[in-house]
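Enquirer: Just a sequence and a predicted model for now, questions to come.
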Amino acid sequence: MLTVTGLKRLHISVSFNLQDGECVALQGPSGVGKTLLLRSIADLDPNEGTVKLDGILREAMPAPAWRKRVTYLAAEPGWWSDIVQEHFKGWDDALPLVARLGLPTSCGSWSVQRLSTGERQRLGLVRALMLRSRVLLLDEPTSALDSASAAAVESVIAERVSNGTSVVWSTHDDAQARRVGSKVLVMSAEGGIEEKRP
Ligand SMILES: Nc1ncnc2c1ncn2[C@@H]1O[C@H](COP(=O)(O)OP(=O)(O)OP(=O)(O)O)[C@@H](O)[C@H]1O
């Protein structure tokens, strides 16, 4: 279980628990602080508060080890090499996911520069999924995708969730939030979160 207690970053002040195999949707107006919250949980920005995974404080392990367990995926993932497959430890192991997300398996040899926004987004997701993290913090993971690709992403994540992965899924799509989330948390301008009642 992920436990977030009194997490503070700029105007944000949030506490919540995330069970194993639970997916919660995170909503709120643009600029309200959803990305700030997800990045803070992954300890990518300075923040205050207590964050634990299975009772173990994130400070108890080096930051890269924490981020491998509690992984943030940006809507526009970063790239550091020229060729797609250079971003993967084992490209061959990634191929089933690549295909499932509707990408050609030949895209490993493509230059990153030629990728469309949606191709980058799906490959960034494959990269994150290869880490087999306990917690995925997904920041608008289908914002650049057509409905068929978005459905493929939802199906892959649902499978992970049923296998015990915990997910916070930020989305502006109300229907998607209801589909993917066992509950919907809404962030307010004051920086808190509240469960949305249907
Ligand atoms: N390092 C920073 N210092 C000061 N303000 C920041 C910093 N990073 C982000 N902000 C501000 O915090 C607010 C929340 O940004 P954030 O990216 O978390 O919003 P969001 O809810 O994810 O929005 P969107 O739905 O548009 O992606 C914004 O007004 C942003 O300008």
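Expert: Sure thing, it's come through.
Enquirer: mind listing what the residue nearest the centre of the chain touches?
Expert: By C-alpha atoms, centre = their mean, the chain has its centre lying nearest to Leu138, at 1.9 Å. Counting by C-beta atoms under 8 Å, 6 or more residues apart in numbering, Leu138 touches 73, 125, 157, 167-170. Any C-beta I mention is one placed from the backbone N, CA and C, and that applies to glycine too.
Enquirer: how about TSV for these, with secondary structure, distance to the ligand and pLDDT added?
Expert: Formatted as TSV, the contacts of Leu138 follow (DSSP: H, G, I helix; E, B strand; the rest coil; distance: C-beta to the nearest ligand atom, whole Å; pLDDT from 0 to 100):
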residue	secondary structure	distance to the ligand	pLDDT
Leu73	strand	13	98
Leu125	helix	17	98
Ile157	helix	19	98
Val167	strand	16	98
Val168	strand	12	98
Trp169	strand	13	98
Ser170	strand	7	98
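Enquirer: Just the buried residues from the residues you listed, in ChimeraX please.
Expert: Of the contacts of Leu138, the buried ones go into a single ChimeraX selection, burial set by 16 or more other C-beta atoms under 10 Å:
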select :73,125,157,167,168,169,170
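Enquirer: And the furthest pair within the contacts of Leu138?
Expert: Leu125 and Val168 (14.5 Å; C-beta to C-beta).
Enquirer: returning to that earlier point: which of the helices or strands spans the residue nearest to the centre of the chain?
Expert: If you go by DSSP states H and E, Leu138 is part of strand 135-139.
Enquirer: quick one: strands adjacent to that strand?
Expert: strand 70-73 (parallel), strand 166-170 (parallel) (DSSP bridges).
Enquirer: Might you calculate how far the last one sits from the centre of the chain?
Expert: So that's strand 166-170. 6 Å (C-alpha atoms, centre = their mean, to the nearest Å).
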